[in-house]
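J.: Make a model of this:
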Amino acid sequence: MYIVHVHIHIKEDVIEQFKDATIENARNSIQEQGIIRFDVIQQIEDPVRFTLVEVYRTPEDQLKHRETKHYKIWKDKVSDMMAEPRQGIKFINLFPGDAEWK
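T.: Take a look at the predicted model:
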């Protein structure tokens, strides 16, 4: 598996709009064949900070995701909501193994 944590810091006055747009993107993303999981989480202590936890079958599946219509809509919609550029950190899975996710 190929896992990406996308750390996002948004402007305080757009929290609800960001959540709406991001949840819509996540709903569409989990329909993609190469995506195993797509979580949208919000920090409790600092509610303008979010993390997207994206779990793909392969690195190529992330590249395919970036070419989808819903991702491009999301990216355009939220770009001005960012307080700073988002940061993606990539991981590989050690446990559980792929067989346990199927």
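J.: Assumed residue 62 was part of a strand.
T.: No - the assignment for residue 62 (DSSP: H, G, I helix; E, B strand; the rest coil) gives helix, which keeps it out of a strand.
J.: Identify the bridge partners of the closest residue to it other than its chain neighbours.
T.: Computed as CB to CB, 6 or more residues apart in numbering, the closest residue to residue 62 that is not its neighbour in sequence is residue 56, at 4.9 Å. C-betas here are computed from N, CA, C, even on glycine. Beta-bridge pairing for residue 56 (DSSP bridges): residue 2, residue 35.
J.: so what's residue 65 up against?
T.: The contact partners of residue 65, taken as CB atoms under 8 Å, 6 or more residues apart in numbering, are 29, 32, 34-35, 54, 56, 71.
J.: so where's this protein shaky on pLDDT?
T.: Confidence mapping of the chain against pLDDT under 70 gives the ranges 97-102.
J.: for it, what's the longest helix?
T.: For the chain, the helix reaching the highest residue count under DSSP state H is reported as helix 15-29.
J.: Check which helices and strands that helix sits against.
T.: strand 35-42, strand 49-56, helix 69-78 (3 or more CB pairs under 8 Å, 6 or more residues apart in numbering; DSSP states H and E).
J.: Give me the contacts around the second one.
T.: Spelled out, that is strand 49-56. Under the criterion CB under 8 Å, 6+ apart, residues 1-10, 18, 22, 26, 29, 34-43, 62, 65, 93, 101 lie in contact with strand 49-56.
J.: Now with 7 Å, please.
T.: Outside strand 49-56, the residues within contact range by CB atoms under 7 Å, 6 or more residues apart in numbering are 1-10, 34-43, 62.
J.: circling back to that earlier point, most neighbours per residue, which of the helices and strands packed on helix 15-29?
T.: Between these, strand 49-56 has the highest mean count of neighbours, a mean of 19, where neighbours are mean count of other CB atoms under 10 Å.
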